[in-house]
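# Could you look at this predicted model? Sequence included:
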Amino acid sequence: MATVELTKLKIQPGIGVHMEVEDRPEARLSSKLIGLVAPRSVLVQTPVVDGRQVLFRKDQPLIVRFFANKVACGFRTKVMHLCSTPYHYIHLAYPGRVEIGEVRNAARAQANLPITVINRTRSTVDNVHGAIVDISTTGAKIETLQPVAELGDELLITAKVIVGHITRIINIEAFARTTIDRFDMANSVAAYGIQFKYLSDMDFLALHAFVNNQLVRSSDL
């Protein structure tokens, strides 16, 4: 499962979080984020059940789960300090990394996303325009206006993804794994199945949100 640094998620105070006691996974407690004191602690409101604050003990292990940019996230932590003034809240140990939930490999979203492709293996090949026609968080099918790769070539793919009011230019390092002789776009002359090699943390989050958004849109049709 992919991981990122907590600060890279740019989560805001007030978002809802769920806290699980490690030895009681069925007990999921609702809370809210107060803020981050990187790299020392995560501050959350003390959960309330039936009008009473839930009791925790120092060093009690917990799992914290939340959504950021429509992506499920989680990390393991422990109770560092319990506070009751001026209100009840908890200092949790700051996580080294946060796990990011992935769309299963089989879940491929239909897309028509314009791209530019650079062949990093063969410098004599010109940059080529094309489109991603279906995509997951681990790979995609791309179609191009002219041939751009042989099997195994390393590619750099640049695309602009838009999710809601957020627009981001992402760069994907990938390998050409298959050639495809069936085209979805009328002006395509080549098609490839590609496997993603590397994306930055922020580009991965943007791609993940885009794939989820496309899957939701297709399920509504």
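Nice, thanks for sending it over. Predicted model, so just to flag it, every value in this text is computed and none were measured.
# For Gly193, which non-adjacent residue is closest in space?
The shortest distance from Gly193 to any non-neighbouring residue, by Cβ to Cβ, 6 or more residues apart in numbering, is to Thr178 (3.8 Å). All C-beta spots, glycine's among them, are computed from the backbone N, C-alpha and C.
# quick one: that neighbour and Leu151 touch, right?
Yes: proximity of Thr178 to Leu151 meets the contact threshold set by Cβ atoms under 8 Å, at 7.2 Å.
# In a helix, the residue nearest to Gly193, correct?
No: assignment of Thr178 by DSSP: H, G, I helix; E, B strand; the rest coil gives strand, placing it outside any helix.
# Contacts only, for it.
The contact partners of Thr178, by Cβ atoms under 8 Å, 6 or more residues apart in numbering, come to Leu151, Tyr192, Gly193.
# list the contacts for Phe210?
So Phe210 contacts Ala109, Ala111, Ile135, Val161, Ile162, Val163 (Cβ under 8 Å, 6+ apart).
# Next: Thr46.
Ser31, Gln53, Val54, Phe56, Leu82, His88, Tyr89, Ile90.
# Pull out the buried members of those.
Those of the contacts of Thr46 that meet the buried threshold are Ser31, Gln53, Val54, Phe56, Leu82, Tyr89, Ile90, by 16 or more other Cβ atoms under 10 Å.
# Max pairwise distance over the residues you listed: which two?
Spanning the widest gap among those are Ser31 and Leu82, at 13.2 Å by Cβ to Cβ.
# Could you chop the protein up by domain?
Here the domain parsing of the chain from automatic domain parsing is 2-100, 109-220.
# End to end on the first one, go ahead and measure it.
What that stands for is domain 2-100. Distance across domain 2-100, first residue to last, is 5 Å (Cα to Cα, to the nearest Å).
# Now do the same for it: mean pLDDT, whole number.
The average pLDDT for domain 2-100 rounds to 89.
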